[in-house]
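*Asks:* Could you look at this predicted model? Sequence included:
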Amino acid sequence: EHEENKLRFYGNLIANLAFNSQIDRAHANLLVRTAQRLSYRQLCLLSIAGLMEVTQGSLPLRQRNYQGDPTSIEPHQARVPVLFDLYDLYGQGLVNCGKIALLSIPDIVPASIRLQGAGAMLFKLMELKWLWADPGEVTSLMILLS
């Protein structure tokens, strides 16, 4: 059911690609393959990264990494899979952390996450800003990252 939520945004991508003459077929195929690999939660994380840019970083997200704070990233906590999803987005080059290189999950600074490259294009073409209109998932992720 969770992945069904992706369909609307995937449809936005296909429709917007059809009417965008500046994106060639190879680039469009790359964007479609990337979007297919992403989970709904990762789309929500891209949406949060886009919201960080719109609000100029004023969201109440954690301002420091998780180094030296082992209790905040214990395996049983709900935050851990979210951090793994963020790390995966970073590994795919869809988000960055400013001038911080992420070598592991504890290096993530949620407040520094920003869109880049294909992540910014997917945010725009999939119209991920509309995830803010139904804030349930986005809000719960922001709470985990605060």
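*Replies:* All right, it came through fine.

*Asks:* Spit out the contact partners of the most centrally placed residue in the chain.
*Replies:* The centre of the chain sits closest to Leu46, judged by C-alpha atoms, centre = their mean, with a distance of 2.3 Å. Each residue near Leu46 by C-beta atoms under 8 Å, 6 or more residues apart in numbering is listed here: 38, 89, 94-95, 115, 119, 122-123, 128. Where C-beta positions appear, they are placed from N, C-alpha and C, glycine not excepted.

*Asks:* where's it, which helix or strand?
*Replies:* Assigned by DSSP states H and E, Leu46 belongs to helix 40-54.

*Asks:* Can you point out the buried residues in that helix?
*Replies:* 40-52 (16 or more other C-beta atoms under 10 Å).

*Asks:* which residues of this structure fall in helices?
*Replies:* 7-18, 25-37, 40-54, 79-91, 117-125, 136-144 (DSSP state H).

*Asks:* Look up how far Glu127 lies from the spatially most distant residue from the centre of the chain.
*Replies:* Relative to the C-alpha centroid of the chain, counting by C-alpha atoms, centre = their mean, Ser21 is the outermost residue, at 25.7 Å. From Ser21 across to Glu127, the span is 19 Å (C-beta to C-beta, to the nearest Å).

*Asks:* cool, and Asp69?
*Replies:* Distance from Asp69 to Glu127, by C-beta to C-beta: 36 Å.

*Asks:* Ok, Phe9 next?
*Replies:* Following C-beta to C-beta, the distance that separates Phe9 from Glu127 is 7 Å.

*Asks:* Compare the two (neighbour count), which wins?
*Replies:* More neighbours surround Phe9 than the other of Phe9 and Glu127, with 22 against 17 (other C-beta atoms under 10 Å).
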